[in-house]
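> model the structure of this input:
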Amino acid sequence: MNKGYKLILATALISGLSVYFNKFGVSVSNPYIFTGLKNALVVLFIVLAIAGTKKFAEVKKLRRQQWLGLLLLGLVGGGVPFLLFFKGLSLTSAAQGAFIHKTMFVWVAILALVFLKEKINRWTYFGLASLVVGLVLMFKIAPQGLHLGDGLILLATLLWAGEQIIAKKVLRSVSPLLASWGRMFFGLIIIFGFWTMTNQLPALAHLTWPQIQWTIVTSLFLFGYVVTWYSGLRYIPVAVATSILALGFPITVFCQLVIDRQIPSWPQTAGNFVVLASLALIFLVNRQKQIKSARV
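Coordinates of the predicted model:
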């Protein structure tokens with residue numbers, strides 16, 4: 001199996017676990033403070049990883065265009081969409097917001113076709129369409145009319161989709177570790193600016209030990225997510241990579257079943273099977289295509 005697929009599968013596993021454990025962190029912390037602190041810790045972890053792998057020399061060799069790419073990753077992926085998403089989530093239902101966010105792979109497929117000229121075969125299109133059906137079943141809702149909160153979440157989702165296109169281009173000349181740093185560091189600056197403008201900095205002085213613990217735990221998940229994601233994105237089509245992330249949904253449901261004894265409804269169970277079947281189709285079709293290309 002191509003190491004790109006292995007890395008993206010690892011990202012999906014981390015994503016599924018992260019969604020489950022993040023709910024505990026958000027429940028005990030201000031979501032804006034929680035997000036910013038996580039980003040700050042991840043930046044620290046990445047800097048330590050860069051030092052450990054002796055990649056500081058790469059930083060010195062970065063050209064102006066590469067710095068611009070890293071800045072865009074932070075702006076489009078690490079800062080603004082987080083603020084839009086949390087604001088939107090406060091104005092709409094959790095189910096509606098989650099559904100809109102999980103359609104990111106659809107927008108990525110469209111953007112990849114336009115800007116990266118990634119060609120997708122008809123079976124992959126069928127798999128992507130099936131994923132949407134699985135999402136409808138899992139969240140037990142159908143797409144509804146957009147309100148302000150939904151619009152903000154959709155805008156955040158579109159920005160995150162755009163981030164993947166930018167990342168695909170940046171990763172052609174920048175290492176995944178450095179790209180991860182750019183995304184998180186410049187995104188953190190934006191979030192810090194938001195803290196300052198909304199007078200949220202004093203909240204840092206009132207953090208409790210449980211809040212700090214959950215921030216540390218979830219920041220480790222985020223570190224693993226961003227590094228494996230950018231590392232895997234180098235090797236496989238971005239539309240395929242973002243669709244594989246849907247595997248995180250069944251993993252989260254499995255955590256709820258095993259740890260919380262929360263039994264999913266029949267529509268959610270059916271949605272899980274549709275998602276898994278769709279992902280299997282997308283994976284096998286593109287894996288076969290990769291094998292054929294290697295033989296030519």
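
> counting by contacts, list what the helix or strand hosting Phe86 packs against.
Using DSSP states H and E, Phe86 maps to helix 80-89. Where contact means 3 or more C-beta pairs under 8 Å, 6 or more residues apart in numbering; DSSP states H and E, helix 80-89 is packed against helix 31-52, helix 94-101, helix 148-170, helix 176-197. To be clear about C-beta, it is placed using only N, CA and C from the backbone, and glycine gets the same treatment.

> looking at those, which has the lowest confidence?
Mean pLDDT per stretch puts helix 94-101 lowest among those, at a mean of 70.

> tell me the contacts of Leu279?
Residues in contact with Leu279 (C-beta atoms under 8 Å, 6 or more residues apart in numbering) are 127, 131, 243-244, 246-247.

> what of Gly182?
So Gly182 contacts 69-71, 73-74, 170, 174 (C-beta under 8 Å, 6+ apart).

> where does pLDDT dip in this structure?
Applying pLDDT under 70 to the chain picks out residues 1, 23-29, 93-98, 139-146, 287-296.

> so which bits of the longest helix seen in it are buried?
The single longest helix within the chain, with elements called by DSSP state H, is helix 266-295. Buried residues in helix 266-295, counted by 16 or more other C-beta atoms under 10 Å: 268, 271-272, 274-275, 278-279, 281-283, 285-286, 289-290.

> right, and the helices and strands packed on helix 80-89 - which one's nearest Pro210?
Smallest distance to Pro210 across the helices and strands packed on helix 80-89 (C-beta to C-beta): 11.9 Å, for helix 31-52.

> by contact count, what packs against the next helix or strand along the chain from the closest one?
The C-terminal neighbour of helix 31-52 among helices and strands, as given by DSSP H and E, is helix 56-60. With contacts defined as 3+ C-beta pairs under 8 Å, 6+ apart, helix 56-60 has no helix or strand neighbours.

> got the buried residues for the helix or strand following helix 56-60?
Counting by DSSP H and E, the next helix or strand C-terminal to helix 56-60 is helix 64-73. Neighbour-count burial for helix 64-73, counted by 16+ other C-beta under 10 Å, picks out 66, 69-70, 72-73.

> count of neighbours near the closest residue in space to Asp150 that isn't next to it in sequence?
Sequence neighbours aside, Thr92 is the residue nearest to Asp150 in space, at 5.1 Å (criterion: C-beta to C-beta, 6 or more residues apart in numbering). Neighbourhood size, Thr92 [other C-beta atoms under 10 Å]: 20.

> which ones are touching Thr92?
147, 149-150, 153.

> sorry, back to before: who touches the helix holding Phe86?
Contacting residues not belonging to helix 80-89 are listed as 31-32, 35, 97, 101, 148-153, 155-157, 159-160, 163, 187, 190-191, 194 [C-beta under 8 Å, 6+ apart].

> ok, now with 10 Å
26, 30-32, 34-36, 38-39, 74-75, 96-98, 100-101, 147-163, 187, 190-191, 193-194, 198 (C-beta atoms under 10 Å, 6 or more residues apart in numbering).

> out of the helices and strands packed on helix 80-89, which is closest to Trp209?
helix 31-52 (13.6 Å).

> helices or strands next to that closest one in the packing?
Counting contacts by 3 or more C-beta pairs under 10 Å, 6 or more residues apart in numbering; DSSP states H and E, helix 31-52 packs against helix 3-28, helix 56-60, helix 80-89, helix 176-197, helix 209-233.

> give the buried residues for it.
31-43, 45-46, 50.

> what's the angle from it to helix 209-233?
Orientation check (axes from the mean of the first three to the mean of the last three C-alpha atoms, to 10 degrees): helix 31-52 against helix 209-233 gives 60 degrees.

> between helix 80-89 and helix 31-52, find me the angle.
Relative orientation of helix 31-52 versus helix 80-89 (the same axes, to 10 degrees): 160 degrees.

> nice, that's everything, thank you.
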